[in-house]
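*Asks:* Pasted the sequence and its predicted model underneath.
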Amino acid sequence: MTDNLLEIRDLAVEYHTDDAVVHAVNGVNLSVKRGETIGLVGETGAGKTTIARSILRILQTPPAKFCGGEILYNGQDIMTLSEREMRKIRGNKIAMIFQDPMTALNPIEKVGFQIAEAIKLHNKITKPEAERRACDMLETVGIPMERYNEYPHQFSGGMKQRVVIAMALACNPELLLADEPTTALDVTIQAQVLEMMQSLREKFGASVVLITHDLGVVADSCDSVAVIYAGEIAEYGTAEHIFDHPAHPYTVGLFNSLPKLNSTERRLKPIKGLMPDPMNLPKGCKFCDRCQNATDRCAEAPPGVVEVSPGHLVKCVLAGRGDA
Amino acid sequence: MSALVESRNLKKYFKTGGGALHAVDDISFTLDEGKTLGVVGESGCGKTTLGRTIIHLLEPTDGQVFFEGTDITKPSKQELITLRENMQIIFQDPYSSLNPRMSVSESITEPLMLQGKLDKQAIRAEVRQLMETVGIAERFENSYPHELDGGRRQRIGIARALALRPKFIVCDEPVSALDVSIQAQIINLMLDLQEERGLAYMFVTHDLSVVKYISDDILVMYLGQMVEKAPSDELFQNPLHPYTKALLSAIPVPDIHNRKKRIIMQGEITSPINPKPGCRFMARCQHVSKECHAPQLQEEASANHFVACCKYKDIL
Amino acid sequence: MQEQKVRKKKSRISEVWRQLKKNKIAVISLWVIVFVVLVAIFAPLLAPYSYEQQDRTDPFAPPSVKHLLGTDKMGRDVFSRLIWGSRQSLQIGAVSTAISAIVGIMIGAIAGYYGGWLDNLLMRLLDIYQSIPMFLLCVTFAAVLGPSLRNAVIAIGISMVPGFARLMRASILSIREMEYVEAAKSINASGGRIIRKHIIPNAISPLIVSITMGVGSSALAGAGLSFIGLGVQPPIPEWGGMISDARSIMRAHGELALYPGICVIITVLAFNLLGDGLRDALDPRLKN
């Protein structure tokens, strides 16, 4: 057994609509070690969610279409599994937390029951046993078990997200996919939920793929980071690599776009332009239209991946030359 | 000289089945020309209602609003028309703030046409000018909102608000729905416009790093009430109210070497329907004592730094 | 950035048509409807015989060159009667839907936009009204006013009002809360202008769909009324009435009920499928 729990190699996903093909994910390579938290950062439409859904194989096909690559989970290619084998993994070994806790819970079932159901589905245990474990899970995420018999609408947004997390963790998964788990929450509640996820990760030892657009959240809880741009990984490395030595012009631009709490400058430095239309991607570097350092070379052919320091991969021809 | 906009003990209650919802409860502030007041708070704290009430999209329940020194709390029809030329609003959601059946130029033309001061030719020229000002290429003038991305839609919303040359704009979370790189573009645009036109903004948001960046003064709201108000830098350096402290400590900072110790709040948010007279933050506060059950008075802790907490001196 | 041409402004109708074209079934349905309408308009030219011309010597004739679909018990040409019958069915469908849509949209718009006690009053009245079964209502109307085409149209039209009123109200309620309506208020748009320019154009899509389907279902209701003798009166042919005529001789000459039945089914289905297609085509968010 390798120490990589999950390995994604050259994953490519497209969406086919009536008139066009959307290139959502274009050759993504990623690996998740045991117990590691990796952050996928990127803007709307960059393909983050598509990657997560591919791992669980819950993309609607069609319109989605896998165009190549493999996803190795414990060394086994998920793409080749039957739907039945997949069901054993989904929710059991790999669990997902969705962005919107309001829609992730069934409004007409008691929350405790929903957690117990999730446990019973994957474990051969009796109903009282499942209920007892559901109670434990509620306590674990900081909800008193007296609220077992309440319905989702009786909970606040942050509490609902806790219930969702309890459900995801109920079967003790090895891998947790968290898709913008705190975006819908207020900052103070976000702080609570992030803190709780951190301590649960330590307790359960699960690996986490944290999808977010918020670099602050990444800085807070990730060991390594992949910056996604137009369906590609622009930059990949440990959190130190990305935050201390960002090498891709897009990553640099992202940091500059953020208003800094201690800065006195009167203007931000935004990235000019927009993300390319995923139906009509440029043939060279995907970022070259918005890049200040772009050369003719960048527009012609896609850049290769440069390893600027061990484990720090950058998809930019200028990377490592000190001028990016 | 009187302030451009002033709110005095403004209240807005909504009737609900369970009683009166105190969305805005006794808010006072002044805002000068060319300045920005940031209004911060979490969802449901009444910050959006405050903005709507100031510009008279909602009728205040009690209190007064002044514009350039005149009381505009109960404007006549004619007064309201002039008022709205001077006070505009930019909305949070660039998807629902534009009529999906109106093209870009139609949306920007509408306020000018309704104003009726310019002829067709002049309106057309003005619309072109506005589009250029907010950075929308002319080729989009016949596009419909759903054909454009969030950033461009928000630019249209800004152009529409600017059309009547207002002096004051309520910005209701104008960048929360946008990606960071686009967000920075829009913030810069708004800062440019402020400098060029001497606009005053009331910037309503839950994003503290943005509000710090753009505001001169910041007003922190909790369940309809003002808990703290101070100049921007002062508030961030020296927060006094326990809620402000928790809020500031909760901001995720994009820096891995500076992982702060967060103040994690416990407890649930109190209901804003028929609240008790005491401090509304009590249920989540670590420093509660007997005095907190009495109404909290505002105190000027230092110059222009107001706080509504009876214990702020003890919890430094 | 490259110099790009100003995008041409596309009219709403051409845009809807572009979307509708993608849906083959809807396009076929549209052609079927156009065909039926043309047949109704040009009935005198198309029908080989008058609808009341009897050939007493030749009842129940089998299909032949002389009578394409044969004759009925009075020796009338079935093919001609089907052609003439399309006029009645379409009239019932179109006119009664128009009545109910106009009245319903007005009630719904008033209730939805003004809200409060007016909304409450109107909606409770409709509640009471709707608790009476639609068909029973038609029967009562037709019985009181006397059976005729005009009265069938009125009866069906009135019975369909609540549906449209509710739909319009719901649609307006959701649009009234949109931020662009607030934006319009903030630039001094009058109440009338807000309803006209901002609310109605956005509220109308679901109504166009249900009006289209309404034509189909009221044509069906008309056939039903004629079938029980409360609609179009003989000798004027109406598909429902024709089925009714064929009832007593169903065993021997089932085809006489079958032909008008097929006409009803095809017409109603075409309207329903077109309505379905329009639903997708009218939604600006579903584009691309």
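*Replies:* Perfect, thanks for sending it. Model, not experiment: these values are computed from the prediction.

*Asks:* Around chain A, which positions in the stretch 101-250 of chain B sit nearby?
*Replies:* B:149-151, B:179-185, B:187-188, B:191, B:206, B:208-210, B:212-214, B:236, B:246-247, B:249-250 (Cβ under 8 Å from any Cβ of the partner chain). Just so you know, the C-beta spots here come from the backbone N, C-alpha and C atoms, and that holds for glycine as well.

*Asks:* What about those, which are in strands?
*Replies:* For those, not one is inside strands, with DSSP state E as the criterion.

*Asks:* mind checking the longest helix of the chain?
*Replies:* Picking chain A for this. helix A:187-204 (DSSP state H).

*Asks:* ah, no, chain C please
*Replies:* Chain C, longest helix under DSSP H: helix C:78-114.

*Asks:* and whatever helix or strand comes next after it with helix C:78-114, angle?
*Replies:* Counting by DSSP states H and E, the element after helix C:78-114 in chain order, helix or strand, is helix C:116-130. Angle, helix C:116-130 to helix C:78-114, by axes from the mean of the first three to the mean of the last three Cα atoms, to 10 degrees: 150 degrees.

*Asks:* what does helix C:116-130 contact?
*Replies:* Applying Cβ atoms under 8 Å, 6 or more residues apart in numbering or on different chains, the set of residues contacting helix C:116-130 from outside is C:107, C:110, C:111, C:112, C:161, C:162, C:165, C:166, C:169.

*Asks:* which residues does residue A:160 contact?
*Replies:* Contacts of residue A:160 by Cβ under 8 Å, 6+ apart are A:101, A:102, A:104, A:105, A:152.

*Asks:* can you check residue C:169 too?
*Replies:* C:107, C:108, C:109, C:111, C:112, C:119, C:123.

*Asks:* which of those residues has the most neighbours?
*Replies:* residue C:108 (29 neighbours; other Cβ atoms under 10 Å in any protein chain shown).

*Asks:* show me where pLDDT drops low in the chain?
*Replies:* By default, I'm working from chain A. Counting by pLDDT under 70, chain A shows low-confidence ranges at A:1-2, A:263-264, A:320-324.

*Asks:* looking at chain B here, not the other one
*Replies:* B:1, B:258-260, B:268, B:316.

*Asks:* Do a quick rundown of the strands in it.
*Replies:* B:5-16, B:19-31, B:36-40, B:62-67, B:70-71, B:87-90, B:168-172, B:200-205, B:217-222, B:225-231, B:299-302, B:305-307.

*Asks:* Report how many residues lie close to residue 230.
*Replies:* Assuming you mean chain A. Quick note: residue A:230 (other Cβ under 10 Å) scores 24 neighbours.

*Asks:* Correction: the question concerned chain C.
*Replies:* Quick note: residue C:230 (other Cβ under 10 Å) scores 22 neighbours.

*Asks:* so who does the closest residue to it other than its chain neighbours touch?
*Replies:* Excluding the flanking residues, the one nearest residue C:230 by Cβ to Cβ, 6 or more residues apart in numbering or on different chains is residue C:142, at 3.7 Å. Contacts for residue C:142 were tallied using Cβ under 8 Å, 6+ apart; they are C:151, C:152, C:155, C:225, C:230, C:231.

*Asks:* swap the cut-off to 10 Å and go again
*Replies:* C:148, C:151, C:152, C:154, C:155, C:156, C:225, C:226, C:228, C:229, C:230, C:231 (Cβ atoms under 10 Å, 6 or more residues apart in numbering or on different chains).

*Asks:* Pick out whichever of the residues you listed sits closest to chain A.
*Replies:* Nearest to chain A among these is residue C:156, at 38.2 Å by Cβ to the nearest Cβ.

*Asks:* A helix includes the closest one, no?
*Replies:* Yes. Per DSSP: H, G, I helix; E, B strand; the rest coil, residue C:156 lies within a helix segment.

*Asks:* Quick check: it touching residue C:94?
*Replies:* No. Applying Cβ atoms under 10 Å, one finds residue C:156 not in contact with residue C:94, separated by 11.1 Å.

*Asks:* The two - which one has more neighbours?
*Replies:* residue C:156 (32 against 18).

*Asks:* show me what contacts the more buried one?
*Replies:* So, once contact is read as Cβ under 10 Å, 6+ apart, residue C:156 ends up touching C:92-93, C:95-97, C:99-100, C:134-135, C:137-138, C:141-142, C:214, C:217-222, C:224-225, C:231.

*Asks:* Equivalent analysis for residue C:215, please.
*Replies:* Applying Cβ under 10 Å, 6+ apart, the residues near residue C:215 are C:33, C:89-90, C:92-98, C:101, C:267-268, C:270-272, C:274-275.

*Asks:* switch the cut-off to 8 Å
*Replies:* Residue C:215 neighbours (Cβ under 8 Å, 6+ apart): C:93, C:94, C:97, C:271.

*Asks:* For chain A, see how far away the second one is.
*Replies:* Distance of residue C:94 to chain A, given as Cβ to the nearest Cβ, to the nearest Å: 33 Å.

*Asks:* Would you pull up how far the longest helix of chain A lies from the middle of the chain?
*Replies:* 16 Å (Cα atoms, centre = their mean, to the nearest Å).

*Asks:* Can you get me the start-to-end distance on stretch C:59-76?
*Replies:* 7 Å (Cα to Cα, to the nearest Å).

*Asks:* Now it: buried residues?
*Replies:* C:61, C:67, C:69, C:70, C:71, C:72, C:75, C:76 (16 or more other Cβ atoms under 10 Å in any protein chain shown).

*Asks:* Can you pick out the most distant pair from those residues?
*Replies:* C:69 and C:75 (13.2 Å; Cβ to Cβ).

*Asks:* ok so, going back, any idea which of the contacts of residue A:160 is closest to chain B?
*Replies:* For the contacts of residue A:160, the minimum distance to chain B (Cβ to the nearest Cβ) is 12.6 Å, reached by residue A:102.

*Asks:* before we move on, which element is the residue of the stretch 101-250 of chain A found nearest chain B in?
*Replies:* The stretch 101-250 of chain A approaches chain B most closely through residue A:216 (2.8 Å), counting by Cβ to the nearest Cβ. Taking DSSP H and E as the criterion, the element that holds residue A:216 is helix A:215-221.

*Asks:* residues making contact with that helix?
*Replies:* So helix A:215-221 is contacted by A:37, A:39, A:41, A:182, A:190, A:194, A:197-198, A:210, A:212, A:225, A:239, A:243, A:254-255, A:258, B:180, B:251-256, B:259 (Cβ under 8 Å, 6+ apart).
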